[in-house]
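A.B. asks: Structure for this input, please:
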Amino acid sequence: MQKNADDPGAQAVPASAPCLASELDEHGRVGVDPVQARDVARWRKAERERLIALRMALPADERQRLSAAIARQLDEVLEGVERPVVSVYWPIRGEPDLRGWMVAAHARGVDLALPVVVAPATPLEFRRWQPGCRMEHGVWRIPQPADRVLVSPSVSIAPLVGYDPDCYRLGYGGGFFDRTLASLAPRPVIVGVGYEVLALRTIFPQPVDIPMDWILTGTGPAVPRRAPTDVR
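C.D. replies: Predicted coordinates:
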């Protein structure tokens, strides 16, 4: 288990905007102008560092409590999915820990998989996981199934570095998740999981960003993505 940063005063604050963020369209998307893209990339890099530190500063017992609440919300979301094949993840750097949920879900007959980085700038592959299966260290020494039994998930769970009200996810910046989702047909139900303190006003979505169908934080109700015509 990783050591927590001791920062009891840490709290979520509204994120500052990149200098050209005022030029968003009606959907909150930034254009593909290279200067804008550069500004957004710099802003995201700074936000990742801030939010990861904030996430890791949460006390371990609080993360454990929220992880259990997220697991219950996940069960609610999956009630409407027939015979789901669920891609989960192995937690690092203070992410919600769903490993207990994975064991319980497998016992109920849910097929599970873990994502695996194959090569830079390529989609992830999903290897079947079950309790007790052989594991090996992959990229960043994240455990992954050693046997290459590939599956296609109908539900994909992604940990959040940050998120916004339109269910866009701020990830680690490698582009693996969005690249993978763009390659899958049919597209799985996408569930982002994180903590409420990671909320942002917007992540300034780029054309390559793919929104989540659900955001689960363990605080309040599960949040589905709004239809484009919805208004608050």
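
A.B. asks: From what I see, residue 101 and residue 77 are in contact.
C.D. replies: No: at 12.0 Å, residue 101 does not count as touching residue 77 under the criterion of Cβ atoms under 8 Å. Backbone N, C-alpha and C define where each C-beta goes, glycine included.

A.B. asks: count of neighbours near residue 220?
C.D. replies: 10 (other Cβ atoms under 10 Å).

A.B. asks: what sits against the nearest residue to residue 161 once chain neighbours are set aside?
C.D. replies: Of all residues beyond its chain neighbours, the one nearest residue 161 is residue 170 (4.8 Å), with distances taken as Cβ to Cβ, 6 or more residues apart in numbering. For residue 170, the contacting residues are 44, 47, 48, 51, 160, 161, 162, 163, 164, 200, 203, by Cβ atoms under 8 Å, 6 or more residues apart in numbering.

A.B. asks: Now do the SS call for residue 178.
C.D. replies: helix (DSSP: H, G, I helix; E, B strand; the rest coil).

A.B. asks: Name the nearest residue to it, sequence neighbours excluded.
C.D. replies: residue 210 (5.0 Å).

A.B. asks: Now the one you found: which helix or strand?
C.D. replies: Following DSSP states H and E, one finds residue 210 outside all helices and strands.

A.B. asks: so it makes contact with residue 180?
C.D. replies: No: the pair residue 210 / residue 180 is not scored as a contact, 9.4 Å apart, by Cβ under 8 Å.

A.B. asks: Which residues in the helix or strand hosting residue 113 does the neighbour count mark as buried?
C.D. replies: Using DSSP H and E, residue 113 maps to strand 111-116. Judged by neighbour count (16 or more other Cβ atoms under 10 Å), strand 111-116 contains these buried residues: 111, 112, 113, 114, 115, 116.

A.B. asks: and the nearest residue to residue 138 once chain neighbours are set aside, what are its phi and psi?
C.D. replies: Take residue 138 and drop its neighbours on the chain: the residue closest to it by Cβ to Cβ, 6+ apart is residue 144, 4.2 Å away. Here is the backbone geometry of residue 144 (degrees, to the nearest 10): phi -150, psi 160.

A.B. asks: do the one 3 residues further on as well
C.D. replies: Dihedral angles of residue 147 (phi, psi; degrees, to the nearest 10) stand at phi -90, psi 130.
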